[in-house]
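>>> structure here, sequence nowhere to be found:
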């Protein structure tokens with residue numbers, strides 16, 4: 001027999017866990033808002049000359065879950081788009097260094113001068129190099145070339161020995177003598193492995209997930225009560241937006257619609273109301 005169904009006050013958002021068909025979990029735990037919309041659509045049935053319907057035929061039933069997350073996680077992208085998430089392979093182990101500015105300086109001795117911008121401090125270029133260089137005074141885009149002729153630049157590896165005797169490998173951008181003293185803006189791919197990557201493929205579809213939400217709420221009599229809602233199967237729909245607005249914390253919103261899990265139980269969702277104890281740190 002079920003417990004007494006006492007009314008409680010809901011005064012929080014709680015936490016959400018989504019579990020994919022492959023068993024991977026995607027916790028959404030820093031919610032700004034969470035809404036469950038239980039919708040029923042009916043069509044009226046009229047008879048005779050009466051102005052009021054004699055019955056209603058249920059045409060559609062659905063549950064929509066709309067969650068606004070206070071923090072961003074690549075798992076949200078996986079839920080919304082079906083993107084693959086993991087560590088990068090060799091061809092993607094890079095990030096871009098963008099819009100760095102430097103002044104072309106003359107180095108070396110008479111007869112062997114070079115005109116360079118040292119980029120060593122910005123990191124190690126990716127093994128498959130990709131550079132863009134622009135002369136800032138004219139906006140001219142320079143072309144990559146091993147000889148660094150006029151209107152072009154070269155990427156040159158340098159080796160120096162520090163005080164400890166260790167050989168340090170660096171990179172410079174090398175230019176023609178006409179570029180001496182001029183300012184350039186450059187960007188390039190920088191090698192790195194400390195990244196996670198989400199990859200969107202043209203065949204990707206949003207993944208179907210189980211949704212478990214649990215909220216624990218303190219009542220005015222100083223006891224703790226909770227509600228747990230479990231949607232057996234749902235799938236993202238609508239628009240997933242990331243807004244990088246200045247001075248605004250982005251709050252990604254994801255909407256999921258309930259599906260028939262076809263598990264033979266005929267249950268689409270459950271909602272449980274329970275008595276509990278205070279959560280940690282309360």
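That came through fine. Source: prediction; values computed, not measured.

>>> wait, isn't residue 87 in contact with residue 196?
Yes. If you go by C-beta atoms under 8 Å, residue 87 and residue 196 touch, sitting 6.8 Å apart. Where you see a C-beta, it was placed from the backbone N, CA and C, and this is true even at glycine.

>>> show me what contacts the residue nearest to residue 84 when sequence neighbours are not counted?
Among residues not flanking residue 84 along the chain, residue 199 sits closest, at 4.8 Å (C-beta to C-beta, 6 or more residues apart in numbering). For residue 199, the contacting residues are 83, 84, 85, 92, by C-beta atoms under 8 Å, 6 or more residues apart in numbering.

>>> ditto for residue 213
Counting by C-beta under 8 Å, 6+ apart, residue 213 touches 14, 15, 16, 17, 34, 36, 65, 228, 229, 230.

>>> narrow the residues you listed to those in helices?
Members of those lying in helices (criterion: DSSP state H): none.

>>> would you mark the buried spots in stretch 180-198?
Neighbour-count burial for stretch 180-198 flags 182, 184, 185, 186, 187, 188, 189, 190 (criterion: 16 or more other C-beta atoms under 10 Å).

>>> ok, back up a step: reformat the contacts of residue 213 into CSV and put pLDDT next to each item.
Below are those laid out as CSV (pLDDT from 0 to 100):
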residue, pLDDT
14, 91
15, 90
16, 91
17, 91
34, 93
36, 94
65, 93
228, 95
229, 95
230, 95
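
>>> are any of those residues buried, and which?
So, by 16+ other C-beta under 10 Å, the buried ones in those are 14, 15, 16, 17, 34, 36, 65, 228, 229, 230.

>>> between those, which is closest to residue 169?
residue 17 (46.4 Å; C-beta to C-beta).

>>> helix/strand/coil for residue 263?
Assigned by DSSP: H, G, I helix; E, B strand; the rest coil, the conformation of residue 263 is coil.

>>> test my guess that it contacts residue 21.
No. At 11.9 Å, residue 263 does not count as touching residue 21 under the criterion of C-beta under 8 Å.

>>> so who does residue 196 touch?
Contacts of residue 196 by C-beta under 8 Å, 6+ apart are 74, 85, 86, 87, 88.

>>> look up how far residue 232 lies from residue 267.
Per C-beta to C-beta, to the nearest Å, residue 267 is found 6 Å from residue 232.

>>> tell me, what's touching those two both at once?
residue 261.

>>> from the contacts of residue 196, list just the buried residues.
residue 88.

>>> re earlier: the more surrounded of residue 267 and residue 232?
Higher neighbour count among residue 267 and residue 232: residue 232, with 17 against 10, using other C-beta atoms under 10 Å.
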